[in-house]
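>>> Next one to model:
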Amino acid sequence: MNRISFLRNILGFSLLSILGCRIDSGKAKSTANLAKHNLVTDEVDTNALRKELITAWNRSEMMTMTNVKQMPPGLFTFKYTDGAMTFSEQWRHCVIYTCGQLAGRAGIRNPYDGIKLPVQMPKENIIRELENMYAFVRQSIKDLSDEKLLSNCDFAGTTIPVWRLFYAMENHIIHHRGQCVVYLRLNEVTPKGYYGW
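Take a look at the predicted model:
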């Protein structure tokens, strides 16, 4: 390495370190302000929060249905290895888990109480159950009292507000939707792209 390259590298790393410290300092201030704001739950605009949650779940449904509708009906029992869930099971799991977690932690009625969905379901049944799940989530967002929406619940070893539980459930769906993109590709189905929010 020549001297000029060496100096460029050293100066570059030094400047990055200095900038990194400033960026970290800014993040710390941001985090402190966010924490301070979160302590004042009286000022939360629950109407805006509900609108944001419903927008997020509408977008989630659109992306999920794009994925599900692309898989040919005969491949809903496909799985890439014996220990994995089938394509159908991935989505069945999302329906049961989402409704169960929201019902149990937010204190609302689970639409699947007393109902046992078949382990393997055909395409049209998976689509119907997903539509039911998304309708249940949106209705729950609308029906929960402000007090309940802002109250805390236990989740994943910590305590979070109930409104954040809705995002946690969407993160769970994103995880399985990503797996199902791979299922499509393994069956030579090119997933349709979905961009934006």
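>>> which residues sit against stretch 157-165?
Contacts to stretch 157-165, defined as C-beta atoms under 8 Å, 6 or more residues apart in numbering, come from residues 49, 53, 101-102, 105-106, 144, 148-153, 155, 168. In short, each C-beta sits where N, CA and C put it, glycine included.
>>> for the record, mean pLDDT for it?
Average pLDDT, stretch 157-165: 96.
>>> Tell me the one of the contacts of stretch 157-165 nearest residue 136?
Nearest to residue 136, judged by C-beta to C-beta, of these is residue 102 at 7.8 Å.
>>> Check for me that residue 159 belongs to a strand.
Yes - counting by DSSP: H, G, I helix; E, B strand; the rest coil, residue 159 falls inside a strand.
>>> give me the number of residues near residue 185?
A total of 11 residues lie near residue 185 under the criterion other C-beta atoms under 10 Å.
>>> I'd like to know how far the most centrally placed residue in the chain sits from residue 105.
With distances taken as C-alpha atoms, centre = their mean, residue 171 lies nearest the centre of the chain, 1.9 Å away. Distance of residue 171 to residue 105, computed by C-beta to C-beta, to the nearest Å: 15 Å.
>>> what residues go with each domain of the protein?
Structural domains assigned to the chain are 1-39, 45-186, following automatic domain parsing.
>>> how far out from the middle of the chain is the last one?
So that's domain 45-186. For domain 45-186, the distance from its own C-alpha centre to the chain's C-alpha centre is 8 Å (C-alpha atoms, centre = their mean, to the nearest Å).
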